[in-house]
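Student: whatever this is, show me its structure:
(3 chains)
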Amino acid sequence: MSVFVLVHGSWHDGSSSDDVPGYLRERGHEVHRPTVAGHGAGAPREVTHDGWVASITDYVDRHDLAGFVLVGHSWGGSVIARVAERVPDKVRRLVFLNAFVPANGTRVLDNAPAAYQELFPILAAQSGDNTVMLPFEVWRDAFIGDADLARARETYEMLTPEPLVPTVEKLDLTKFYASADVPRSYVLCGEDSALPPGDPEHGYLANARRLGTFRLVTLEGSHEVMLTNPALLANKLELAGRD
Amino acid sequence: MSVFVLVHGSWHDGSSSDDVPGYLRERGHEVHRPTVAGHGAGAPREVTHDGWVASITDYVDRHDLAGFVLVGHSWGGSVIARVAERVPDKVRRLVFLNAFVPANGTRVLDNAPAAYQELFPILAAQSGDNTVMLPFEVWRDAFIGDADLARARETYEMLTPEPLVPTVEKLDLTKFYASADVPRSYVLCGEDSALPPGDPEHGYLANARRLGTFRLVTLEGSHEVMLTNPALLANKLELAGRD
Amino acid sequence: MSVFVLVHGSWHDGSSSDDVPGYLRERGHEVHRPTVAGHGAGAPREVTHDGWVASITDYVDRHDLAGFVLVGHSWGGSVIARVAERVPDKVRRLVFLNAFVPANGTRVLDNAPAAYQELFPILAAQSGDNTVMLPFEVWRDAFIGDADLARARETYEMLTPEPLVPTVEKLDLTKFYASADVPRSYVLCGEDSALPPGDPEHGYLANARRLGTFRLVTLEGSHEVMLTNPALLANKLELAGRD
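Tutor: Model (predicted):
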């Protein structure tokens, strides 16, 4: 029995309709899925990366959690790396799920494909509140290519705009990279083209390799496998999260 | 129900004995498999890349096809990219199947492994008609390593020599790269070593990444999975080709 | 029916408790698993890379073997490449199993991750007999991440220290790279992070690509899949080893 804290990615929030927590609970685990600050319908979008991190450490304090497996999806990888810097004694293992592992001193957006680096600031400037909404075409093919069109549309409706600011702040991850005390796993979905697959600098494995020694767990599925195959993902998170 | 137009790769032709069209038709789709100019037993080998492309656009015109999924295998990737430039309004989606996506201004052969770049012109010079036949050893291990030896030999007998000229013409793909109006999928077979797997510049994913936003669909199998596991490939082409 | 000669990797020896030989024999094959010089409990650790190679060629002579499939796991890849140089007429096919294929003139350790290149000489200097023992944390996550913790511990107990010297000798592989007379296969486990996965220079596929024309066979599993899924590995070795 493990305690899982699941940190969602951009455009998502903790109320996601996916069934991963249910499948993990069926297997006997305790599951938490906090909403990161600045996410979800109606939440104020003025937030910093420190604010993202604090919303998770606050949640952990409030629920008196320790010895948990901390999972970060996508841009949530940048959050869990910094949470581990703040509360290393509470984290049993870090699990990066098709996630960014930003190089020290970089901005999250620096680690995204060149096309997003150009597009997102433009979309944010047009938004009125400095947020970015993912174009449906990108969602449909690069994020959730393993769903049918109806499911792609239905899940797109659940997304809310992502604040730009935390993605363009330079992140000091010196402590994260100086210590490997918290063991790390990387879960890789083989049909994920949200980041350029196989890219030597910007692909998922390029992110994973920054972890040094880590466990690699693979599965079929897209970036949004929690929405297309939650039972399989729950099984893989269990394998990734065990001691 | 979709309409599929399947464009074969080098050494192959539209009369291939593989069962992919049958499996797609069983699933309710309409399937066309034209022979590209300069391919197949007895066809004249004096052909250009424009001639390759015209043989497909002519077929499409002749059969009054529109709204079709255009699949290109291997060197056929260079053909479908240029067909999409000519008749973008008729193509519903492009599907690259372990295919070249040549960088703008390159020759198809520039995108092949260094060893082929050296070998093919030599073989063509020796052929008498400027064509290249793939050595059996390369076919057996790099192209169809998932077949047994008897099947490898039997399928090798179906191949006919490939004209060199269209593979050494520089291709203007400016229009293809300027517009992403036609959505794209890339189907990747995990056991394909016809191109150097994982090569940062010349591997399949390096080709796929040139597509920008695309859907990635994976399966087990070699470069010639249409001959070794046609039912699985038909299933994956359906997933790659849907809206 | 084939004859298999299995060459183990570092820290292992021929008495490994894994069941791969049993599964191969069930399928009708003859299986040999010699212990490479300098390996196994109690064996003297003063050995060279030539000594490693000679212990295999001696075994082959002593048992009068010919026409065999020669499989090398991990650092055993450097051994089988050089065995093939010595007795090319006896080797039917080389099978590299998540193995090093060292570039000509390099040391095996040059092909390892930077962290090991630093760590191993330090560990050897501390050992008293110039050997290296793998830290358990590395074994658990990077080598055998697909086992549960109990199995990881149990298998770790089977390991014995690896002599450093053969891994820091420059290897002349001129003959190996000059001839492709012996066909080659590369077997790749998708969850192996013992080498940095996907690394353009140091990953498994970077090693595989040095083989030129080769057959690629893939399976799920870690670097130590012989200990976690021997039945699957035996099946894949059969596919990799057939003509």
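
Student: may I have the beta-bridge partners of the residue sitting nearest the centre point of chain A?
Tutor: With distances taken as CA atoms, centre = their mean, A:His73 lies nearest the centre of chain A, 2.1 Å away. Note on A:His73: beta-bridge partners A:Leu97, judged by DSSP bridges.

Student: let me know the pLDDT of it.
Tutor: Looking at A:His73, its pLDDT reads 98.

Student: from B:Ala194, how far off is it?
Tutor: Going from A:His73 to B:Ala194 by CB to CB, to the nearest Å gives 34 Å. No exception for glycine: its C-beta is placed from N, CA and C like everyone else's.

Student: ok, A:Ser2 - contacts?
Tutor: Neighbouring residues of A:Ser2 by CB atoms under 8 Å, 6 or more residues apart in numbering or on different chains: A:29-30, A:68-69, A:92, A:238, A:241-242.

Student: derive a ChimeraX selection command for the buried subset of the residues you listed.
Tutor: Buried members of the contacts of A:Ser2, defined by 16 or more other CB atoms under 10 Å in any protein chain shown, are picked up in ChimeraX with:
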select /A:29,68,69,92,238,241,242
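
Student: can you list the low-confidence ranges for chain A?
Tutor: A:17 (pLDDT under 70).

Student: which residues of it lie near chain B?
Tutor: Residues of chain A lying close to chain B by CB under 8 Å from any CB of the partner chain are A:115, A:137-138, A:140-142, A:145-146, A:148-149, A:190-193, A:196-200, A:220, A:222.

Student: near chain C too, which of those residues?
Tutor: A:198, A:200.

Student: check which residues of stretch A:43-61 are buried.
Tutor: A:45, A:47, A:49, A:52-56, A:59-60.

Student: need those residues in a markdown table with secondary structure, can you?
Tutor: Listed next are the buried residues of stretch A:43-61 as a markdown table, based on DSSP: H, G, I helix; E, B strand; the rest coil:
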| residue | secondary structure |
| --- | --- |
| A:Arg45 | coil |
| A:Val47 | coil |
| A:His49 | helix |
| A:Trp52 | helix |
| A:Val53 | helix |
| A:Ala54 | helix |
| A:Ser55 | helix |
| A:Ile56 | helix |
| A:Tyr59 | helix |
| A:Val60 | helix |
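
Student: surely A:Val5 is in a strand?
Tutor: Yes: under three-state DSSP, A:Val5 falls within a strand.

Student: count residues in the vicinity of it, would you?
Tutor: 24 (other CB atoms under 10 Å in any protein chain shown).

Student: that one touches A:Val71, doesn't it?
Tutor: Yes: using CB atoms under 8 Å, A:Val5 is in contact with A:Val71, at 6.9 Å.

Student: so what sits against both of the two?
Tutor: By CB under 8 Å, 6+ apart, no residue touches both A:Val5 and A:Val71.

Student: thinking again about what came up before, closest to chain B among the buried residues of stretch A:43-61?
Tutor: Of all the buried residues of stretch A:43-61, chain B sits closest to A:Arg45, with 25.2 Å by CB to the nearest CB.

Student: could you list the residues of chain A in contact with chain C?
Tutor: Counting by CB under 8 Å from any CB, chain A sits next to chain C at A:180, A:183-186, A:198, A:200, A:203, A:205-206, A:208-209, A:212-218, A:239, A:242-243.

Student: circling back: among the residues of chain A next to chain B, which ones are in strands?
Tutor: Nothing among the residues of chain A next to chain B maps onto strands, per DSSP state E.

Student: give me the subset of the residues of chain A next to chain B that lies in helices.
Tutor: Among the residues of chain A next to chain B, the ones falling in helices (DSSP state H) are A:115, A:137-138, A:149.

Student: dump these to CSV, plus neighbour count.
Tutor: Below are those laid out as CSV (neighbours: other CB atoms under 10 Å in any protein chain shown):
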residue, neighbour count
A:Ala115, 13
A:Glu137, 11
A:Val138, 17
A:Leu149, 10
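
Student: make a markdown table from the residues you listed and add distance to B:Leu164 to it.
Tutor: Compiled in a markdown table, these are given as follows (distance: CB to CB, whole Å):
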| residue | distance to B:Leu164 |
| --- | --- |
| A:Ala115 | 35 |
| A:Glu137 | 38 |
| A:Val138 | 39 |
| A:Leu149 | 42 |
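
Student: out of these, which two are the most distant from each other?
Tutor: Farthest pair in these (CB to CB) is A:Ala115 and A:Leu149. Separation: 22.8 Å.

Student: what subset of the residues of chain A next to chain C is buried?
Tutor: Judged by 16+ other CB under 10 Å, buried ones among the residues of chain A next to chain C: A:183-186, A:198, A:200, A:203, A:205-206, A:208-209, A:212-218, A:239, A:242.

Student: quick one: the helices in chain A, in order.
Tutor: A:20-26, A:49-62, A:76-86, A:114-127, A:136-138, A:149-156, A:174-178, A:204-209, A:225-228, A:230-241.

Student: for C:Ser127, find the nearest of these.
Tutor: Checking those against C:Ser127 by CB to CB gives helix A:174-178 as the closest, at 26.5 Å.

Student: residues contacting A:Leu233?
Tutor: Applying CB under 8 Å, 6+ apart, we find A:Leu233 in contact with A:20, A:23, A:97, A:219, A:221, A:225-226.

Student: just how off-centre is stretch A:149-157 within its chain?
Tutor: Taking CA atoms, centre = their mean, to the nearest Å, one finds the center of stretch A:149-157 at 20 Å from the center of the full chain.

Student: next, the buried residues of it.
Tutor: Under 16+ other CB under 10 Å, the buried positions of stretch A:149-157 are A:152, A:155-156.

Student: adding distance to B:Met133, write these out as a markdown table.
Tutor: Converted to a markdown table, the buried residues of stretch A:149-157 look like this (distance: CB to CB, whole Å):
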| residue | distance to B:Met133 |
| --- | --- |
| A:Ala152 | 44 |
| A:Thr155 | 49 |
| A:Tyr156 | 49 |
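
Student: for A:Val36, state which of these is nearest.
Tutor: The nearest member of these to A:Val36, counting by CB to CB, is A:Thr155 at 18.5 Å.

Student: just the ones of the contacts of A:Ser2 in strands?
Tutor: A:30, A:68-69, A:92.

Student: ok, of these, which one's closest to chain B?
Tutor: A:Val69 (27.2 Å).

Student: am I right that that closest one is in contact with A:Val95?
Tutor: Yes: between A:Val69 and A:Val95 there is a contact under CB under 8 Å: 6.0 Å.

Student: overlap of the contact sets of the two?
Tutor: Common neighbours of A:Val69 and A:Val95, counting by CB under 8 Å, 6+ apart, are A:237, A:241.

Student: what about the nearest residue to A:Ala147 once chain neighbours are set aside, neighbour count?
Tutor: Nearest in space to A:Ala147, with sequence neighbours left out and distances taken as CB to CB, 6 or more residues apart in numbering or on different chains, is A:Thr228 at 5.1 Å. Using other CB under 10 Å, A:Thr228 has 23 other residues around it.

Student: cool, A:Asp110 as well?
Tutor: For A:Asp110, using other CB under 10 Å, the count is 16.

Student: and the gap between A:Ser16 and chain C?
Tutor: 27 Å (CB to the nearest CB, to the nearest Å).

Student: any idea how far that residue lies from chain B?
Tutor: Distance from A:Ser16 to chain B, by CB to the nearest CB: 22 Å.

Student: got the contact list for the residue lying closest to that residue once chain neighbours are set aside?
Tutor: Of all residues not flanking A:Ser16 in the chain, A:His8 sits nearest, at 6.4 Å (CB to CB, 6+ apart). A:His8 makes contact with A:14, A:16, A:33, A:35-36, A:39, A:73, A:76, according to CB under 8 Å, 6+ apart.
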